[in-house]
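J.: take a look and give me a structure for this.
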Amino acid sequence: MNSTVGSRTSDDQERGADSLVYVVFITAAAAMGGFLFGYDSSVINGAVEAIRDRYDIGSATLAQVVAIALIGCAVGAAIAGRIADRIGRIWVMRIAATLFTASAIGSALPFALWDLAMWRVIGGIGIGMASVIGPAYIAEVSPPAYRGRLASFQQAAIVIGIATSQLVNFAILKMAGGEQRGSIAGLEAWQWMLGVMVIPAGLYGLFSFTIPESPRYLISVGKIEKAKQVLAEVERGTGDLDARVTQIEQAMHSEHRSTFKDLLGGGFGFLPVVWIGIGLSMFQQLVGINVVFYYSATLWQSVGIDPSSSFFYSFTTSIINIVGTVIAMLLVDRIGRKPLALIGSTGMVVALGLEAWAFSAKTGSGDDVSLPHAQGIVALVAAHCFVLFFALSWGVVVWVLLGEMFPNRLRAAALGVAASAQWIANWVITASFPSLADWNLSGTYVIYTLFALLSIPFVLRFVPETKGKALEEMG
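T.: Numbering: from 1, shown residues only. Below is the predicted model of the structure:
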């Protein structure tokens, strides 16, 4: 008898292990959209100065070309949830992959500045859709005990995408003799930087054919048996599938497809939980993190560092970003979402404050600028610390919370609104940085420091802890 029980236990453990491996695979495949998100967001860093030179434009126009993709991101994020509820999560991934591919080709071969901007908007729509569907899909296929770590795959993919883009940019720059406008096989280096994204875009599309549809979507459209098959594969295969389906159905029974109207209520337009999601998304961007990934090469050149070194420092910050993300993935299910966010906010306040102090010592103008040696060291160390603290906290925690914190009846629509707010805040920071930096680089970093400081009481007062809760418990 004991032998039979032991054999059954061993079989259950084996099935559980196989199930977890499968969940990791489909999570990684879905997170490929995050890789494209990070790659496309950061690859422009290597092309900024070349675009300025080729089209002879000033800081304000340059900022709009860099930031205009974020308008597309906001649109893509806003529509992704509704489309996902109508045609499924997998089809949204395929649409996003198609848009990514078209944008990569068009951005590499622009006829004029307006043409480049148009393709960046198209790519932005794909990024926005991927930013919504990735965390939503991962949350819906992940067992509760592992959901935080699996949801972290989205941010891990983003930071790997960022680092990969910087490494590719650095390699292309070297092939072009250190010149962003240097020629390689008839195209300028910056065109290759933008065009290489066609490779991961194609892989994302292929991966979408290898993973199952979300069981919650399948249940919502009446495909119960298919949903059971997916649940058996992703939830360790040892539970009562009928009971699990019933639990999901009961949670969805009194619900209808989430719409923008469902989010309205309370005294300030949206329901409180929606405002919390919007606040998380905006604070994530308003600390200025994407200045590092969109403009770091330009930033370091603006304080006297040569182009090759500036590209190298862009790459090292990307590596620090990966290290911080790994730390977050290890801790998010152990110590919770709120503690990580508070640790990160505190570290960012200190790091950004030090950067503001260091940049206040900038001397010279035009092409003849520099920082004193001590301030230069402080600026470099503080910039890397800022990225580290962001990555081990807000970079991961926000995506985890947005995938978890909304009730089922609101999740898709609320996630779309929160992600749209994130892209709008990202656009504000990206479009304003070149002009703000021309005005006062140190003052710009004081602004980012204040936002990091304000994020602390926001988390303490408003943000819920979702660690260990099933999605059906939210709301």
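J.: any chance you could map the strands in the stretch 201-350 of the chain?
T.: 264-268, 270 (DSSP state E, counting those that start in this stretch).
J.: hey, least reliable of those strands by pLDDT?
T.: The weakest mean pLDDT among the strands of the stretch 201-350 of the chain belongs to strand 264-268, with a mean of 65.
J.: next helix or strand past that one?
T.: On the C-terminal side of strand 264-268, the nearest following helix or strand under DSSP states H and E is strand 270.
J.: off-centre distance for that next one?
T.: Between the centre of strand 270 and the centre of its host chain there is 24 Å, according to C-alpha atoms, centre = their mean, to the nearest Å.
J.: now what about that strand, what contacts it?
T.: With contact meaning C-beta atoms under 8 Å, 6 or more residues apart in numbering, strand 270 is reached by 263-264, 278, 417. All C-beta atoms are positioned from the backbone trio N, CA, C, and that covers glycine.
J.: same question, stretch 419-438
T.: Identification of contacts with stretch 419-438 by C-beta under 8 Å, 6+ apart yields 59-60, 62-64, 66-67, 70-71, 73-75, 77-78, 80, 124, 128, 131-132, 277-278, 281-282, 284-286, 288, 290-291, 294-295, 298-299, 302, 398, 402, 443-444, 447.
J.: now, the residues you listed that are in helices?
T.: Counting by DSSP state H, the contacts of stretch 419-438 place 59-60, 62-64, 66-67, 70-71, 73-75, 77-78, 80, 124, 128, 131-132, 277-278, 281-282, 284-286, 290-291, 294-295, 298-299, 302, 398, 402, 443-444, 447 in helices.
J.: show me what contacts Phe37?
T.: Residues near Phe37 by C-beta under 8 Å, 6+ apart: 127, 130-131, 134, 157-158, 161.
J.: sorry, back to before: put the buried members of the contacts of stretch 419-438 into a PyMOL selection.
T.: Entered in PyMOL, the line below selects the buried ones among the contacts of stretch 419-438, by 16 or more other C-beta atoms under 10 Å:
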select buried, resi 62+63+64+66+67+70+71+73+74+75+77+78+80+124+128+131+132+277+278+281+282+284+285+286+288+290+291+294+295+298+299+302+398+402+444+447
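J.: and Arg82, what element?
T.: For Arg82, the host element (DSSP H and E) is helix 59-87.
J.: next SSE downstream of that helix?
T.: helix 89-108.
J.: against which helices or strands is that next one packed?
T.: Judged by 3 or more C-beta pairs under 8 Å, 6 or more residues apart in numbering; DSSP states H and E, the packing partners of helix 89-108 are helix 32-43, helix 59-87, helix 113-141, helix 189-195, helix 198-207.
J.: one more pass at 10 Å, please.
T.: helix 2-30, helix 32-43, helix 59-87, helix 113-141, helix 189-195, helix 198-207, helix 215-220 (3 or more C-beta pairs under 10 Å, 6 or more residues apart in numbering; DSSP states H and E).
J.: list the buried ones in that helix?
T.: 89-90, 92-104, 106-108.
J.: and that helix, what's its mean pLDDT?
T.: Taken as a whole, helix 89-108 has an average pLDDT of 93.
J.: likewise for stretch 414-426?
T.: For stretch 414-426, mean pLDDT is 82.
J.: can you check stretch 127-147 too?
T.: Stretch 127-147 shows an average pLDDT of 81 in the prediction.
J.: point out where the protein drops to low pLDDT.
T.: Scanning the chain for pLDDT under 70 picks out the ranges 1-19, 144-145, 148, 236-239, 251-262, 265-268, 297-298, 301-308, 364-369, 467-475.
J.: so who does Ile87 touch?
T.: When contacts are counted by C-beta atoms under 10 Å, 6 or more residues apart in numbering, Ile87 is found next to 94-95, 217, 221.
J.: neighbours of Glu355, how many?
T.: As a burial measure, Glu355 scores 28 neighbours (other C-beta atoms under 10 Å).
J.: by how many degrees do the strand or helix carrying it and helix 289-302 diverge?
T.: Taking DSSP H and E as the criterion, Glu355 maps to helix 337-359. Per axes from the mean of the first three to the mean of the last three C-alpha atoms, to 10 degrees, the angle that helix 337-359 makes with helix 289-302 is 20 degrees.
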